[in-house]
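**Student:** Pasted the sequence and its predicted model underneath.
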Amino acid sequence: MSTRTTRGRKVGPAALVAGLTVAAAVPATLGALTLKQAPKLPPGTLRGPIDRLPQYPKLSLATPKQLAAAKRLRRKTRAALRQWRDPRAAAADGYAPARLRRPGNAAGLFLHAEHRAFSNDNVYLEPTQPEVLIYANVPGKPLILIGVMFSVPRGVHGPTPGGAITRWHTHRVCARGVKRGLAPRPDGTCPPGTRSRQGAEMLHFWLTSDLRSTYAIHGPVAELCAAGLVYHEACHHAPHVH
């Protein structure tokens, strides 16, 4: 499922904000990765700030065509990801080799490995060319592939073949001109010379066993634990899934 655009060169995903890389040492915050609560957007919203979108899509809002498209994207993406379950294969294919050689590093529980070439092409939501691979990254344990992140350039809306199931989120970033955004400082402010704005749109895809959690906004830790993809250090504190 490939969508091409002529709206200019793709500049890659915004900085991988700290809210996506929560360390296993603080598992109580997993699944609620916002600095402050903000009013949630309606369940049928197709895109918006990460802290305002509901964690899970409401499957009943999708039309039969959209539901079929979301299932088809899930099937194709899961098949494509088999080649990168071994992080060495992912590194050899251009996914952040330095990061993938150091499991248990400071990247946090959700290690994002970006493919710069895929982040700078004009192909969007393509299962065989995800912009970012996401690995469970626990100290002392090998990396385990748990999902991907698709992205589009800033100013471009990501395709939503699955309707509100395939939702796109943005992060608040600190940016200078057309350069990539960086995560705000711990107190929420931006460094001098940068300004706060919403970054490029992103779509998370998780290797869980059900369609609903596959398209969760934040890492669905309980479902990832149930699928045997996250080690018990994080699973011990994972919230119960309803």
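**Tutor:** Thanks, I have it. Here the structure is a predicted model, which means the values were calculated and not measured. Residues are numbered from 1 along each chain as shown.

**Student:** alpha carbons only for contacts and neighbour counts from here, please
**Tutor:** Fine.

**Student:** Can you list the low-confidence ranges for this structure?
**Tutor:** Judged by pLDDT under 70, the chain has its weakly predicted residues at 1-37, 103-107, 178-180, 232, 237-242.

**Student:** Mind listing what's buried along stretch 155-171?
**Tutor:** Using 16 or more other CA atoms under 10 Å as the burial criterion, the residues of stretch 155-171 that qualify are 158-171.

**Student:** Just these: which are in strands?
**Tutor:** Mapping these onto strands (DSSP state E) picks out 168-170.

**Student:** Dump those residues into CSV; add distance to Arg102 as well.
**Tutor:** Shown next, in CSV, are those (distance: CA to CA, whole Å):
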residue, distance to Arg102
Trp168, 29
His169, 28
Thr170, 28
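
**Student:** tell me the strands in this structure, going along the chain?
**Tutor:** Under DSSP E, the chain gives strands at 3-4, 47-49, 110-114, 123-124, 132-136, 144-151, 168-170, 172-175, 195-198, 202-206.

**Student:** Now the fifth one - C-alpha only, PDB.
**Tutor:** Taking C-alpha atoms only, strand 132-136 is exported to PDB below (Å, rounded to 0.1, in the frame of the first residue of the first chain):
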ATOM      1  CA  VAL A 132      11.500   3.600  11.500                       C
ATOM      2  CA  LEU A 133      11.700   0.100  13.100                       C
ATOM      3  CA  ILE A 134      10.900  -0.100  16.900                       C
ATOM      4  CA  TYR A 135      12.600  -2.700  19.100                       C
ATOM      5  CA  ALA A 136      12.000  -3.600  22.800                       C
END
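
**Student:** Give me the neighbour count for Trp206.
**Tutor:** For Trp206, the neighbour count with other CA atoms under 10 Å is 27.

**Student:** for it, what are its contacts?
**Tutor:** By CA atoms under 8 Å, 6 or more residues apart in numbering, the contact list for Trp206 reads 146-148, 213-216, 219-220.

**Student:** Next, find the distance separating it from Arg185.
**Tutor:** Separation of Trp206 from Arg185 (CA to CA, to the nearest Å): 28 Å.

**Student:** again with Tyr231
**Tutor:** From Tyr231 to Arg185 the distance is 30 Å (CA to CA).

**Student:** How about Ala92?
**Tutor:** Taking CA to CA, one finds Ala92 at 33 Å from Arg185.

**Student:** Equivalent analysis for Gly94, please.
**Tutor:** Counting by CA to CA, the gap from Gly94 to Arg185 is 29 Å.

**Student:** now the angle between strand 202-206 and the longest helix seen in the chain, please.
**Tutor:** Criterion DSSP state H: the longest helix present in the chain is helix 64-81. Interaxial angle, helix 64-81 versus strand 202-206 (axes from the mean of the first three to the mean of the last three CA atoms, to 10 degrees): 70 degrees.

**Student:** what's the distance between helix 64-81 and the middle of its chain?
**Tutor:** Centroid separation between helix 64-81 and its chain, computed with CA atoms, centre = their mean, to the nearest Å, is 17 Å.

**Student:** One more: stretch 155-167?
**Tutor:** With CA atoms, centre = their mean, you get 14 Å for stretch 155-167.

**Student:** And stretch 121-135, by the same measure?
**Tutor:** In terms of CA atoms, centre = their mean, the centre of stretch 121-135 is set 11 Å apart from its chain centre.
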